[in-house]
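S.K.: quick one: sequence and predicted model below, then my questions.
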Amino acid sequence: MRVLCVVSLMFGLVPAVASAQSRPPSFSIQGAAGATMVDPGNQVSAAVGFSPMPRLTLLLDVQRTHIPTRITRHEHGSSATRGGTLTAVSGEVRVSLWPPHRVTPYALAGFGGGRARPNVNETFPSPVTNSAGFIFFGGGVHVPIRERFSLFGDVRMMGSWP
């Protein structure tokens, strides 16, 4: 009887132990929008995810990042950053600390590629399109709201090459 009480209490306090064994692989659809942190800009994305295990999610993501042109006037001149729009496809891996039915932090990493189109304006009049590759990593928090609806927020660091 004592063993049954201890095991029941353990399953009540740690629900991931009881449910991790019965969760089948799952698919998800995710959408995100947010601001860039270093330069003023924004990013929107949509992803399809596959979770072969409760704490692991593999994502295929389509995203668009836009950074506006920035002109800074100085006492003896000015400087300008062209900015632009990156439209890309990426693959991502998310590893969560706990299963998805609990609030859980996660780590992420991925890579991708796409087209970069620098802004065209009076300072930068030439239209250009470049191929771009990138890698990224970061972390975030997953918050379940209902059985099939949850919110997430993350911070990413990205490095790119032409």
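M.R.: Right, received. Where do you want to start?

S.K.: what's the following helix or strand after the lengthiest strand in the chain?
M.R.: The longest strand of the chain (DSSP state E) is strand 130-146. As assigned by DSSP states H and E, the chain's next helix or strand after strand 130-146 is strand 149-161.

S.K.: what helices or strands is that following strand leaning on?
M.R.: Counting contacts by 3 or more CB pairs under 8 Å, 6 or more residues apart in numbering; DSSP states H and E, strand 149-161 is packed against strand 104-118, strand 130-146. Heads up, the C-betas are built off the backbone N, CA and C, glycines and all.

S.K.: now these in CSV, with mean pLDDT, mean neighbour count and distance to A47?
M.R.: Below are these laid out as CSV (pLDDT from 0 to 100; neighbours: other CB atoms under 10 Å; distance: least, CB to CB, whole Å):
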stretch, mean pLDDT, mean neighbour count, distance to A47
strand 104-118, 96, 17, 10
strand 130-146, 95, 14, 13
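
S.K.: for stretch 36-49, measure first residue to last.
M.R.: 23 Å (CA to CA, to the nearest Å).

S.K.: quick one: that stretch to chain centroid distance?
M.R.: For stretch 36-49, the separation from the chain centroid amounts to 8 Å (computed by CA atoms, centre = their mean, to the nearest Å).

S.K.: could you pull out the buried residues of that stretch?
M.R.: Using 16 or more other CB atoms under 10 Å as the test for burial, stretch 36-49 gives 41, 43, 45, 47, 49.

S.K.: report the rounded mean pLDDT for that stretch.
M.R.: Mean pLDDT, stretch 36-49: 92.

S.K.: next one: stretch 61-76
M.R.: 93.

S.K.: contacts for that stretch, please.
M.R.: Residues outside stretch 61-76 that contact it (CB atoms under 8 Å, 6 or more residues apart in numbering): 36, 39-47, 78-92, 110, 112, 119, 121, 123-124.
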